[in-house]
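Chemist: 3D, please:
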Amino acid sequence: MVQLASLRAGPFRYNSPWTQVILVGFVAFSSVGIFSAISGLGAGGTQDVQLVDISNSVLYATFAIMGFFAGSVNNLLGPRLTMSLGTAGYSLYVGSLWAFQLHGTRWFVILAGAILGVCGALFWAAQGSIMMAYPLEKDKGRSFTVFWAIFQLGTLIGAAIALGIQFHSTLPGVSTGVYVAFIVIQLTAIGTSWLILPPASVVRADGSVVELEPHLSPKGEFKAFATMFRDWRLIALLPMFFASNYFYAYQGALTAYLFNGRTRALVSLLTGLGSMIGSVFIGFLLDNLPFSRRRRALVTCGITALLVSGIWAGGLAFQVKFKRLDTVVLGHELPWDWTVGVAAGPIILLLAYYIIDASFQGLAYYTMSSLTNDPFKLARMAGYYKGVQSAGAAVSFGIDAVHTPYLNENLVSWLLTLVSLFLCFWVLMHTRDTNVDVEQAAYVNDMEPEKLEGISVPEGHDAGKHERKAVPSTPEQEERVLEEAK
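Modeler: Numbers count the residues shown, from 1 in each chain. Below you'll find the predicted structure:
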């Protein structure tokens, strides 16, 4: 029989939700974060905006198709294998950009985009389930902050590497050394993903086990997948999911249009910083406002809508000053270097865009995680989210590839975001302050010691001695529970 005393551990247990979220953050850091750094350079660091637009359209089209099924694939294969397969596509894609810079192989960039669409869907389904399902309800905003900040640190460091290599360059695109450095970093993500634990091995601080049900058969998983589309809340969130990456094509094209290679590297670095700021901002609001969980989410949704309106209004004021085919903007010939005085305003604008991007996506994840705590349901939702999100991105990159006026792209992006926030507010009005009292929960204290073989549990939790307590959903309730414990 297992000695539970030997299994107890502090808050930094390997099988604690926080450790797992941090690990997933580092997997994203070295795979998706580096990919984001490349995207932040504008046109993937190349000068062929149309090629990268086509590749991204194919990427997000395959992502959209695979995204709907990726959650079920994760539930059948488990997060380790799913995430490992998912990260493999990112290094392949950056390799295709490198090959294009050296040999002009356009077809490889498009094929790599299609493969990355499938791989990316797998990664984000596994990531979403872990980030949304593993933490306690009161920590789900902070969980997004931790993951997103580490993930965007990859964007930040990747952009810093590109900036260091490009610092003295005035070439219109980035050098091949940038691609080599990025590929090496991305390959490490494949191994790191095998450190992730399945939900059955993860135990929260209150002693609850993450996995609520056994793995379904493929037939049962398909039925559960089909049932998801009858949930009116997920239908209402569809515009939010569609809008959440729609603006990337416009912002990436704008970066490539306005700036030279080294300035695009600086913009990529600052947008990574903006995403980190946005993730901290949204996580703080969602978990620390002095209200119930539902009211915190509603207030945060309203604040996000105000920020979106203000920043996109600033973007519109800048956009009306030039058109897509202009070669001189604000009295200066393109592309701009950061030494050009008028470049400062657009650079700050792009930083602000990524602050609200992280806030918007954090709110989307939090809204889904407020609907359930079940990791299998959340994996399906994460796949659905990324599928619809990628459909929006595919449409926007396709629109940009045919040289749609920048002003039209700006207005559509803004309108989509605002409409989706109103629908998100409606969904949040119908969420509960907690799902603990309506969903099945399993606690280590209810389990036989034999079933805990090799699983670390939090201090103070013994098999067969569980005393159920409601999980506090506000900071005040948490303080009251802690005071009672004393």
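Chemist: Show the pLDDT at Ile34.
Modeler: Ile34 is assigned 83 on the pLDDT scale.
Chemist: Beyond the helix or strand encompassing it, next helix or strand please.
Modeler: Using DSSP states H and E, Ile34 sits in helix 32-40. Heading C-terminal from helix 32-40, the first helix or strand you meet, by DSSP H and E, is helix 49-77.
Chemist: helices or strands up against that following helix?
Modeler: helix 79-103, helix 106-133, helix 218-228, helix 248-258, helix 375-401 (3 or more CB pairs under 8 Å, 6 or more residues apart in numbering; DSSP states H and E). Yep, even glycine has a C-beta here, placed from its N, CA and C like the rest.
Chemist: My read is that Gln50 contacts Val402, right?
Modeler: No: counting by CB atoms under 8 Å, Gln50 stays clear of Val402, with 9.0 Å between them.
Chemist: what's the least confident stretch among the helices and strands packed on helix 49-77?
Modeler: Taking the mean pLDDT of those, helix 218-228 comes last: a mean of 83.
Chemist: Next SSE downstream of that helix?
Modeler: Per DSSP H and E, the first helix or strand lying C-terminal to helix 218-228 is helix 232-236.
Chemist: I'd guessed Asp400 sits against Tyr248; true?
Modeler: No: using CB under 8 Å, Asp400 is not in contact with Tyr248, being 9.6 Å away.
Chemist: Now Leu102: closest residue in space, sequence neighbours ignored.
Modeler: Thr176 (6.4 Å; CB to CB, 6 or more residues apart in numbering).
Chemist: Only alpha carbons, please: show stretch 226-244 as CSV.
Modeler: Listed next in CSV are the C-alpha coordinates belonging to stretch 226-244 (Å, rounded to 0.1, in the frame of the first residue of the first chain):
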residue,chain,number,x,y,z
ALA,A,226,-21.4,16.4,-32.3
THR,A,227,-23.2,17.4,-29.1
MET,A,228,-21.0,20.4,-28.7
PHE,A,229,-22.5,22.1,-31.8
ARG,A,230,-26.0,22.1,-30.1
ASP,A,231,-24.8,24.5,-27.4
TRP,A,232,-26.2,27.9,-28.1
ARG,A,233,-23.4,29.6,-26.1
LEU,A,234,-20.7,28.2,-28.5
ILE,A,235,-22.8,29.4,-31.5
ALA,A,236,-23.0,32.9,-30.0
LEU,A,237,-19.2,32.9,-29.4
LEU,A,238,-18.5,32.0,-33.1
PRO,A,239,-18.1,35.7,-34.2
MET,A,240,-15.6,36.2,-31.3
PHE,A,241,-13.6,33.1,-32.3
PHE,A,242,-13.7,34.2,-36.0
ALA,A,243,-12.5,37.7,-35.2
SER,A,244,-9.7,36.7,-32.8
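Chemist: Name the surrounding residues that touch that stretch.
Modeler: Applying CB atoms under 8 Å, 6 or more residues apart in numbering, the contact partners of stretch 226-244 are 360-361, 364, 367-368, 371, 377, 380-381, 384-385, 388-389, 391-392, 413, 416-417, 419-421, 423-424, 426-427, 430.
Chemist: Please tell me how far the residue nearest to Leu102 sits from Trp98.
Modeler: Distance of Thr176 to Trp98, computed by CB to CB, to the nearest Å: 6 Å.
Chemist: Which of those two has more residues huddled nearby?
Modeler: The neighbour count for Thr176 versus Trp98, taken as other CB atoms under 10 Å, is higher for Trp98 (21 against 15).
Chemist: which ones are touching Leu266?
Modeler: So Leu266 contacts 159, 163, 338, 347 (CB under 8 Å, 6+ apart).
Chemist: what do you get if the cut-off is 7 Å, keeping everything else the same?
Modeler: 163, 338 (CB atoms under 7 Å, 6 or more residues apart in numbering).
Chemist: One more: Gly141?
Modeler: So Gly141 contacts 282-283, 286-287, 366 (CB under 7 Å, 6+ apart).
Chemist: try 6 Å this time
Modeler: Counting by CB atoms under 6 Å, 6 or more residues apart in numbering, Gly141 makes contact with 283, 286-287, 366.
Chemist: Now it. Nearest residue, chain neighbours left out?
Modeler: The nearest residue in space to Gly141 (CB to CB, 6+ apart) is Leu286, at 3.0 Å.
Chemist: The one you found reaches Tyr366, doesn't it?
Modeler: Yes: checked against CB atoms under 6 Å, the pair Leu286 and Tyr366 is within contact range at 5.3 Å.
Chemist: So what's the residue count around Ser55?
Modeler: Neighbours of Ser55 (other CB under 10 Å): 29.
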